[in-house]
Each structure stands twice: as structure tokens, then as C-alpha cells.
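1. pasting the structure only:
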Ligand SMILES: C[S@@+](CC[C@H](N)C(=O)[O-])C[C@H]1O[C@@H](n2cnc3c(N)ncnc32)[C@H](O)[C@@H]1O
């Protein structure tokens with residue numbers, strides 16, 4: 001029923017007009033349902049105006065967004081250049097995160113749904129309402145109204161965001177504000193033109209191309225530039241000026257920093273430890289380039305004195321010891337030594353080869369939850385303990401004498417002594433017996449080991465340790481080592497691990513930092529010299545296997561080491577030989593104005609900052625004659641001749 005349209009013309013065979021068809025014409029479709037030839041609906045004048053208005057606003061909004069984006073990017077560049085480090089720590093604020101998210105997001109997604117949803121709902125609600133109202137009012141313009149409305153809404157939204165954003169940018173660049181406002185007024189005037197130009201081009205792509213164009217063609221006159229481009233150019237100029245100023249400021253800062261101000265003598269300013277540490281570094285840098293950085297009113301001595309005081313305060317040393325250390329090390333190395341001396345050395349143990357093997361001991365200790373490693377390739381017995389769930393001095397293995405707790409450096413003198421089986425060996429100052437028991441182990445309990453010490457209480461520790469460790473080849477004596485040669489001699493080898501100031505082991509005994517003075521060192525030096533001569537006198541130069549003396553201290557002061565050896569070289573028929581230790585630094589041949597024997601480089605020094613062990617000194621002497629020289633004047637010549645005979 002009803003009217004029939006000619007939809008299938010030609011497909012249906014006409015049987016001749018019916019009664020109704022004769023009476024009625026073909027239905028006429030409403031204009032708006034038909035498509036024009038071009039396939040595009042023709043717009044009314046009113047619609048065209050609306051479209052123009054909409055496009056104009058869109059151009060404005062894109063232009064504004066572009067400017068703000070440029071400003072932000074350029075602001076970021078400045079920040080990045082001037083405070084690079086800070087920028088790494090800056091966390092985006094909530095607002096900036098939102099803005100970034102808005103910038104990056106091109107539509108609704110799971111990422112932006114939380115912030116996008118409420119607004120879009122609101123917008124769609126409004127547009128729906130309005131659309132329905134408009135539909136009833138003006139059906140012809142429905143499609144247009146929807147477009148226009150959504151454009152307006154998004155423009156409003158954009159412009160709201162932009163204005164917030166712009167406020168912050170403008171606050172950051174007050175200088176440009178006036179110039180910008182001038183351009184803005186110019187921009188307003190040319191808005192229509194811009195809209196026209198923009199509507200002719202693809203609006204989404206051309207702005208970036210323009211920027212590039214401006215960058216590449218700075219020669220283009222300002223009149224030819226669009227307002228956005230003018231703004232961009234201005235901002236770039238401003239950035240260049242700011243960068244120049246920042247660079248100049250940085251340079252002047254560096255210059256002022258380089259010039260260290262020497263403190264006034266009568267200044268009672270109390271400095272924090274941090275300030276002192278800072279001043280230490282500054283003074284060291286002045287001393288490193290003294291002619292350039294010095295204050296002409298102050299001598300190098302003044303700087304050294306200031307540095308010494310600061311180092312004493314910072315590391316808690318007395319003047320005397322700090323001065324000695326400053327004489328011993330170049331300044332940069334001194335700091336390393338002082339720092340390393342603040343740190344405990346790793347706990348090490350020596351496997352007692354008389355009772356066990358290192359591998360078995362390590363396994364037994366690992367089973368008890370001890371975390372360990374071999375101490376290094378240089379030792380077959382040492383183990384370094386990283387952590388232990390049990391006290392290392394109370395394990396069943398310790399009580400059974402499977403190991404001795406000893407610093408790594410304590411292994412060195414015995415290794416240098418290189419005891420042989422069936423020898424007659426003396427440890428002149430042996431308590432508590434760490435090195436002596438090591439000697440016994442290397443002798444495999446053969447021969448005879450004499451373990452002496454002047455201190456009765458300490459000698460008990462030797463007895464206890466020997467029992468625990470299973471040393472059975474020993475004779476323990478308690479006497480003044482200086483008198484030993486008059487009682488016992490003809491030893492194949494003698495170890496003198498001499499009493500000393502302990503300046504190499506300040507980590508173990510921090511009182512050394514403040515308790516030692518010139519007299520103490522002098523006392524040690526005198527005793528050491530006498531004990532060394534006694535040790536030499538105890539050795540039989542004609543020993544078929546030995547004739548060696550090893551002298552060691554846990555001091556790093558040359559007075560207690562090279563000086564003592566130098567003295568012995570002059571007083572006895574001994575010569576320095578290699579310690580056999582393939583690491584450590586050479587002893588001093590020259591120290592300040594002192595000149596030691598040229599073979600002093602055969603001695604070895606060990607440092608906490610270099611070898612991660614206590615400060616130590618080891619020298620090995622070979623006695624080449626039992627004759628005690630009376631006249632020392634031509635001693636060097638005699639020794640030269642003798643060197644060819646020995647080893
Ligand atoms: C550095 S400790 C020896 C440590 C020992 N070598 C060890 O490894 O266990 C120095 C020893 O020299 C001893 N001593 C000091 N003066 C002495 C002297 N005149 N004669 C013998 N021993 C002396 C001290 O009693 C002290 O035990």
C-alpha cells in the first residue's frame with residue numbers, strides 16, 4: 001500500500017498504470033535528503049559564517065597552543081642548561097603531569113580516562129541537550145550546529161588550559177611581556193588574515209614547518225613573519241641573552257672559587273668537620289698549584305701548617321704524628337692513607353698446617369656459616385673472613401688449633417724468613433706467638449724453634465698458643481733480647497718482629513694517633529737498633545742453609561725501619577737481600593735529606609691504602625761474616641767484596 005517510488009526502474013515490468021498510480025505523481029524527496037552532484041551538501045550563508053567563525057577560533061587556539069608549547073620547551077632548555085643536575089631530581093607536579101598527559105594524549109584511552117571522563121561526559125551532556133533543542137528549532141542546521149558546538153567547546157577548554165599555562169610562562173618571562181603584548185595587539189588586528197591564511201592550508205602540520213623555516217632562514221625580514229614566528233624569534237633572542245649571562249656568572253663563580261681565602265690568624269671561627277674537610281681539599285689544591293693559587297701574604301709553610309691543623313682535627317691525630325705522615329706521603333696519598341686507616345682491615349686467619357689443610361678448614365668453617373675466601377695468591381695458608389655467624393676465636397676449629405687469627409701482614413715476615421725443616425731458628429720477640437707458630441708450622445715441627453720475649457705475661461700467651469696449635473719443636477725463653485747472643489747463638493735464621501710505635505696499625509689501636517711523640521719513636525729506634533744487632537749476632541753466617549735475619553715492624557716511620565737497617569748495615573757484616581715477597585712498595589733509599597744504603601730498595605713497605613693490610617715493613621738481611629767490624633770507615637768496600645761470595 002502507499003505510494004511507490006521508482007526505485008527499481010527498468011527491473012519491474014510495467015503492466016500499465018493502475019487506478020491509484022494514474023492519479024498520483026511520483027513522490028518528491030525532501031531536498032536535504034538528496035546529495036548534490038559533488039556529493040557535498042551546500043551550506044547556507046548563515047552556516048558558512050558559522051563555519052568561518054569556527055575555523056578562525058580553531059586557528060587562534062592552535063596558534064596559542066604553539067606559542068605556549070614553544071615557551072615551555074625553551075624554558076626547559078634553559079633549566080636543562082643552567083641546572084642540569086637539579087633537573088634530574090625534579091619530579092613533575094600533579095598539574096604538570098596532567099598537562100603532559102593532555103599534550104601526549106590524542107583521545108580517550110585507559111591512561112587518560114580518569115581526567116578525561118568527567119569533562120567529556122559533561123560536554124556530551126551539554127551538547128546532547130543543546131542538540132536536541134536545536135533539532136527542534138532548526139532542522140537544517142543540525143549537523144552544522146553540532147560541529148560548531150563541539151569546536152567551540154574544545155576551543156573553550158583549550159583556551160582555559162592555555163590561559164593557566166600562559167600565566168606561569170609569562171610570570172617566568174616578565175621581560176618579554178611588554179614586547180609580547182605589542183605583538184598580541186598586532187596579532188589581534190591580523191587575526192582575520194591569519195584565519196584566512198590558515199583556513200587555506202592544512203592547520204595541523206604547517207606550524208612545525210614554519211618553525212623550522214624560521215630557524216633556517218633568519219634573514220627573512222620581521223615584517224614577513226607571522227606573529228607566532230615573531231614571538232618565537234623574540235624568545236630565542238631572550239634565551240641567548242640569558243644563556244650568555246649564565247655562562248658569565250658561572251665563569252666568575254669558578255674564578256672566585258679557585259681563589260681560596262686564607263683564614264685570618266686571629267679568627268676564632270669554629271668550623272664543622274664538614275667545613276674542615278672542605279678546607280683540607282682547598283688547601284691541598286692550592287699547594288698543588290702554589291704559584292698560581294697562593295695568597296701572596298702567606299708562605300707554603302703557612303699553608304702546610306693550616307693543613308696539618310685541619311688534618312689533626314679531622315682525623316684526630318696529634319701534631320707530631322701528622323707531621324711525620326705529611327713528610328712520608330705526597331699530599332694526595334696522605335689523604336688516602338688517612339682514610340684507609342679509618343677503616344678496619346678484613347679479619348684474616350692462618351691455617352695451621354701442622355693440624356689441617358686450608359681446603360678442609362675452609363670447608364669446616366663454611367659449614368658453620370662462615371663466609372670466607374683465600375687471602376690472595378701470595379699465601380697458601382691465609383683466609384679472609386667476610387662474615388661469620390660464630391665468634392672466630394671460639395669455634396671448635398679454633399680451639400682445636402686448626403687456625404690462628406692473624407692480620408694478613410703478619411704472614412709476610414715469616415714468608416720472607418722462609419724457615420726450613422731441621423733448622424735452628426730464633427724468634428727474638430715472639431709474644432703472643434703468631435709468627436713463631438707460623439715458623440714452627442713451616443719447619444713442620446722439625447729442628448728447634450726458640451721463641452723469646454721479654455714480657456712474662458705475654459710469654460704465657462706463647463705457651464698457650466703453642467699448646468693449642470700443636471707446636472712441639474720449641475724452646476720458650478723469657479729474656480731481654482739484647483742479651484740473647486751472650487746466652488744463645490749459632491742460629492740458622494732469626495726473626496726480629498721488633499717492638500715499635502705501631503703507626504701502621506692505627507685502626508687496631510686508635511690511641512696511637514694521639515699518644516706517640518718524638519721520644520717514643522726515639523726510644524723504639526734505640527731499642528730496635530740494639531735488638532737488631534743482637535739478632536744479627538745470634539746468626540751463624542756459616543750456616544749451610546741460612547744465615548738470614550728478617551727485621552719487621554708494624555710501623556711506617558722510616559726512623560723505625562730504613563734507619564735501623566741502615567745502622568745495622570754499617571755496624572755488622574750483613575747485606576740486604578730480596579724478601580721474596582712479590583708485592584709491596586720499595587723501602588726508601590732517599591728520605592727527605594737522608595740518604596740510606598743504595599740497596600734499601602730491597603726492603604718492602606705495605607700500606608693499608610695500597611695493599612688493604614696493616615702498615616708494615618719487612619727487610620731481609622744475609623749475614624756474610626761472623627766477624628763484628630770494629631772500624632766502619634771502609635765498610636762499603638768490604639761489603640762490595642763480600643757480596644760476590646754470598647748467594
Ligand atoms: C710486635 S710484638 C711481637 C709480636 C710477635 N712477633 C707475634 O707475631 O705474635 C713485639 C714484642 O717485643 C717484645 N719486646 C720488647 N722489648 C723486648 C726486648 N728487649 N727483648 C725481647 N722482646 C722484647 C714485646 O714484649 C712484644 O711482645
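-> Good, I have the coordinates. Given the structure is predicted, the values throughout are model-derived calculations rather than measurements.
2. Write out the residues of the stretch 351-500 of the chain neighbouring the ligand.
-> 410, 428-435, 452-455, 458, 480-482, 497, 499 (C-beta under 6 Å from any ligand atom). Heads up, the C-betas are built off the backbone N, CA and C, glycines and all.
3. among these, which are in strands?
-> Among these, the ones falling in strands (DSSP state E) are 452, 497.
4. Tell me how this protein divides into domains.
-> If the domains of the chain are taken from automatic domain parsing, they occupy 194-252, 408-646, with pieces of a single domain joined by a plus sign.
5. what sits against the closest residue in space to residue 353 that isn't next to it in sequence?
-> If the residues on either side of it in the chain are set aside, residue 353 comes closest to residue 441, at 4.8 Å by C-beta to C-beta, 6 or more residues apart in numbering. Residue 441 sits next to 352-354, 381, 469, 471 when contact means C-beta atoms under 8 Å, 6 or more residues apart in numbering.
6. If any of these are buried, give me the ChimeraX selection for them.
-> Selecting only the buried members of those in ChimeraX, with burial defined as 16 or more other C-beta atoms under 10 Å, works like this:
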select :352,353,354,381,469,471
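7. now the contacts of residue 441 in a markdown table, with pLDDT and distance to residue 299?
-> What follows is the contacts of residue 441, written out as a markdown table (pLDDT from 0 to 100; distance: C-beta to C-beta, whole Å):
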| residue | pLDDT | distance to residue 299 |
| --- | --- | --- |
| 352 | 98 | 57 |
| 353 | 98 | 58 |
| 354 | 98 | 60 |
| 381 | 97 | 52 |
| 469 | 98 | 57 |
| 471 | 98 | 58 |
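8. which residue sits closest to residue 313, ignoring its sequence neighbours?
-> residue 276 (5.7 Å).
9. for the record, mean pLDDT for the host helix or strand of the one you found?
-> Counting by DSSP states H and E, the secondary-structure element that holds residue 276 is helix 273-288. Model confidence over helix 273-288, given as mean pLDDT, is 92.
10. residues of that helix that come out buried?
-> Applying a neighbour-count criterion of 16+ other C-beta under 10 Å, one finds 276-277, 279-280, 282-284, 286-287 buried in helix 273-288.
11. just to revisit the earlier point, biggest separation within the contacts of residue 441, which pair?
-> Checked with C-beta to C-beta, the contacts of residue 441 reach their widest spread between 381 and 471, with 14.8 Å between them.
12. quick revisit: now do the helix holding residue 276: which elements does it pack against?
-> Contacts of helix 273-288 with other secondary structure elements, assessed using 3 or more C-beta pairs under 8 Å, 6 or more residues apart in numbering; DSSP states H and E, are made with helix 300-315, helix 331-340.
13. What are the contacting residues of the helix or strand just after the longest one?
-> Sequence-wise, the next helix or strand downstream of helix 300-315 (DSSP H and E) is helix 319-328. Where contact means C-beta under 8 Å, 6+ apart, the residues beyond helix 319-328 that reach it are 304, 307-308, 311-312, 315, 317, 334, 337-338, 503, 512-514, 516-518, 521, 556-558, 592.
14. near the ligand, which residues of the chain?
-> Applying C-beta under 6 Å from any ligand atom, one finds that the chain approaches the ligand through 410, 428-435, 452-455, 458, 480-482, 497, 499.
15. can you pull the contacts of residue 397?
-> For residue 397, the residues meeting the contact criterion (C-beta under 8 Å, 6+ apart) are 356, 361, 364-365, 368, 403.
16. quick one: the strands in the stretch 501-647 of the chain?
-> For the stretch 501-647 of the chain, the strands defined by DSSP state E, counting those that start in this stretch cover 548-553, 574-577, 585-586, 590-591, 594-595, 604-606, 616-623.
17. Could you dump these into JSON lines with mean neighbour count and mean pLDDT added?
-> As requested, these are exported to JSON lines (neighbours: other C-beta atoms under 10 Å; pLDDT from 0 to 100):
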{"stretch": "strand 548-553", "mean neighbour count": "26", "mean pLDDT": "98"}
{"stretch": "strand 574-577", "mean neighbour count": "22", "mean pLDDT": "98"}
{"stretch": "strand 585-586", "mean neighbour count": "12", "mean pLDDT": "98"}
{"stretch": "strand 590-591", "mean neighbour count": "14", "mean pLDDT": "96"}
{"stretch": "strand 594-595", "mean neighbour count": "12", "mean pLDDT": "95"}
{"stretch": "strand 604-606", "mean neighbour count": "23", "mean pLDDT": "98"}
{"stretch": "strand 616-623", "mean neighbour count": "26", "mean pLDDT": "98"}
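18. Next, format the ones you listed as JSON lines and append distance to residue 246.
-> Below are the strands of the stretch 501-647 of the chain laid out as JSON lines (distance: least, C-beta to C-beta, whole Å):
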{"stretch": "strand 548-553", "distance to residue 246": "57"}
{"stretch": "strand 574-577", "distance to residue 246": "62"}
{"stretch": "strand 585-586", "distance to residue 246": "47"}
{"stretch": "strand 590-591", "distance to residue 246": "50"}
{"stretch": "strand 594-595", "distance to residue 246": "54"}
{"stretch": "strand 604-606", "distance to residue 246": "50"}
{"stretch": "strand 616-623", "distance to residue 246": "53"}
